[in-house]
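K.L.:
Just to be clear, the model below is a prediction. Sequence and coordinates:
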Amino acid sequence: MSSIKTVAIVGCGIGRSHIVEGYLPNADKFKVLAICDLNTERMNGLADEFGVERRVVNFDDLLTMDDIDIIDICTPPGVHYAMVMAALKAGKHVVCEKPLVGSLAQVDEVIAQEKLSKGMLMPVFQYRFGNGIEQAKAIIDAGIAGKPYIGTVETLWRRGPDYYAVPWRGKWATELGGVLMTHAIHPHDIFTYLMGDVKRLFGRVATRVNDIEVEDCVTASVELASGALGSFTATLGSADEISRIRLAFENVTFESDHAPYSPGAELWKILPRNDETARKIAELLANWQHVAPRFQTQMARFHDALQGLGPLPVTSADSRRALELVTAFYHSSTSHEDVELPIAADHPKYQSWVPAAFRKA
């Protein structure tokens, strides 16, 4: 049986990046057989560009195609939940862009459905991959870094009226949130990936840059389960664009490359506290093998997981952790309270963090 997995791309926006960065560099592992989009002009343009013959307008048609292994969901966030659940119930493997779904209740339903389905689900957190973040993770996992002390995350990006001219952006019903959900979710995921689970969060959100429903500025103070502390700041009104992550551990301080959309790709600044730590790091990294950034490595490791050769590189549990932070942020900002994690089904925003005035009837 061929190890090449067949893919249907649903949504032609970020879906193009999945093809260019993820599937084409892994052409020995994946083949894109179908493109699906409601906008036939966009769909035909993408399909023509990459020589994909099968063009589908109705998402449900993909679920009955026996020669499609993977449904790759790249649609606006508001429709993720229904598509993920339908694809899992149809027995397909699923790749889904962030945010995976629109509430903790929905992510828990997805996790329950996964256990009943033969397909595997991989949410997308492509910023996790690349030489910089992988080296930091290796040093931490080897125990060299020691106890985590404190960390900061700055997501300083720029978005204006041209960005929000796309009809689904900036609206609660379709984007499900603003800078917290669509942009800073990546660097915040890197923080928890390296530093561990957040125990408490006190946050603020505001809309100061754009004339939109959702937030475009946020800040928070966090306490981790380990006892370490952290701070998150994000805006879509920065003059330049950087993603900056700085993490101070007992023996090492790390600082990310400041590239806004691929902070894990280039080598990070690694500052050992003493010569002995420097020696251990040098030994650990002596035979370092290059790790391609973003989608290329995430998709390659997804293929390994499908073949039973390794774990899923990103899981639904990772998405739940990210969405817990989102939920805590929104609740803290409206209640002016410190929010304790994990968040259970009796929490006021478990069913939805969307303000009541913007919820669908």
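P.N.:
Okay, I see it.
K.L.:
residue contacts, the closest residue to Pro313 other than its chain neighbours?
P.N.:
Nearest residue to Pro313, sequence neighbours excluded (Cβ to Cβ, 6 or more residues apart in numbering): Arg301, at 3.9 Å. Where you see a C-beta, it was placed from the backbone N, CA and C, and this is true even at glycine. Residues in contact with Arg301, defined by Cβ atoms under 8 Å, 6 or more residues apart in numbering, are Gly310, Leu312, Pro313.
K.L.:
Out of the residues you listed, who's the most crowded?
P.N.:
Within the contacts of Arg301, Pro313 tops the neighbour count with 21 neighbours, counted by other Cβ atoms under 10 Å.
K.L.:
my read: that one touches Val124, true?
P.N.:
No: counting by Cβ atoms under 8 Å, Pro313 sits too far from Val124 to count as a contact (10.0 Å).
K.L.:
tell me, what's touching these two both at once?
P.N.:
Joint contacts of Pro313 and Val124 (Cβ under 8 Å, 6+ apart) are Gln298.
K.L.:
What ranges does the stretch 251-361 of the chain have for its helices?
P.N.:
Taking DSSP state H, counting those that start in this stretch as the test, the helices found in the stretch 251-361 of the chain are 275-284, 295-306, 316-335.
K.L.:
Look at Met83 and say how many residues are nearby.
P.N.:
Other residues close to Met83 by other Cβ under 10 Å number 22.
K.L.:
Just to be sure, it is in a helix?
P.N.:
Yes: the assignment for Met83 is a helix, going by DSSP: H, G, I helix; E, B strand; the rest coil.
K.L.:
Which residue, other than its chain neighbours, is closest to it?
P.N.:
Of all residues not flanking Met83 in the chain, Ile73 sits nearest, at 5.1 Å (Cβ to Cβ, 6+ apart).
K.L.:
before we move on, what about Leu271?
P.N.:
If the residues on either side of it in the chain are set aside, Leu271 comes closest to Thr253, at 4.4 Å by Cβ to Cβ, 6+ apart.
K.L.:
now swap in Ala8 and tell me
P.N.:
Per Cβ to Cβ, 6+ apart, closest to Ala8 is Ala34, 4.0 Å.
K.L.:
Residues contacting the helix or strand containing the one you found, please?
P.N.:
With elements taken from DSSP states H and E, the one containing Ala34 is strand 30-36. Under the criterion Cβ under 8 Å, 6+ apart, residues 4-12, 15, 19, 22-23, 43, 46-47, 50, 52, 54-59, 61-62, 65, 67-68, 70, 299, 303 lie in contact with strand 30-36.
K.L.:
just the strands in this structure please.
P.N.:
Ranges of strands in the chain, per DSSP state E, are 5-10, 30-36, 54-56, 70-73, 93-96, 121-123, 148-158, 198-206, 217-224, 229-235, 237-249, 252-255, 269-272, 339-340.
K.L.:
export those strands to a markdown table and tack on mean pLDDT?
P.N.:
Shown next, in a markdown table, are the strands of the chain (pLDDT from 0 to 100):
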| stretch | mean pLDDT |
| --- | --- |
| strand 5-10 | 98 |
| strand 30-36 | 98 |
| strand 54-56 | 98 |
| strand 70-73 | 98 |
| strand 93-96 | 98 |
| strand 121-123 | 98 |
| strand 148-158 | 98 |
| strand 198-206 | 98 |
| strand 217-224 | 98 |
| strand 229-235 | 98 |
| strand 237-249 | 98 |
| strand 252-255 | 98 |
| strand 269-272 | 98 |
| strand 339-340 | 98 |
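K.L.:
For the worst-scoring helix or strand of the chain on mean pLDDT, buried residues please.
P.N.:
In the chain, the helix or strand scored least confidently by mean pLDDT, DSSP states H and E is helix 172-175, which has a mean of 96. The neighbour-count check on helix 172-175 (16 or more other Cβ atoms under 10 Å) flags Trp172, Thr174, Glu175 as buried.
K.L.:
what does stretch 169-184 give?
P.N.:
Quick answer for stretch 169-184 (16+ other Cβ under 10 Å): 169-172, 174-184.
K.L.:
ok, of those, which one's closest to Ala356?
P.N.:
Nearest to Ala356, judged by Cβ to Cβ, of the buried residues of stretch 169-184 is Trp172 at 10.3 Å.
K.L.:
contacting residues for the residue nearest to the closest one when sequence neighbours are not counted?
P.N.:
Nearest residue to Trp172 in three dimensions, chain neighbours excluded: Phe358, at 3.7 Å (Cβ to Cβ, 6+ apart). Contact partners of Phe358, counting by Cβ under 8 Å, 6+ apart, are Lys171, Trp172, Ala173, Glu213.
K.L.:
hmm, back to that, return the distance of the residue nearest to Met83 relative to Asp67.
P.N.:
Separation of Ile73 from Asp67 (Cβ to Cβ, to the nearest Å): 18 Å.
K.L.:
out of those two, which sits in the busier spot?
P.N.:
Ile73 (24 against 9).
K.L.:
Can you check the pLDDT for Met65?
P.N.:
For Met65, the pLDDT comes out at 98.
K.L.:
Could you shift the numbering so residue one becomes 888, and keep it that way?
P.N.:
Let's use 888 as the start, then, which means that last one is Met952.
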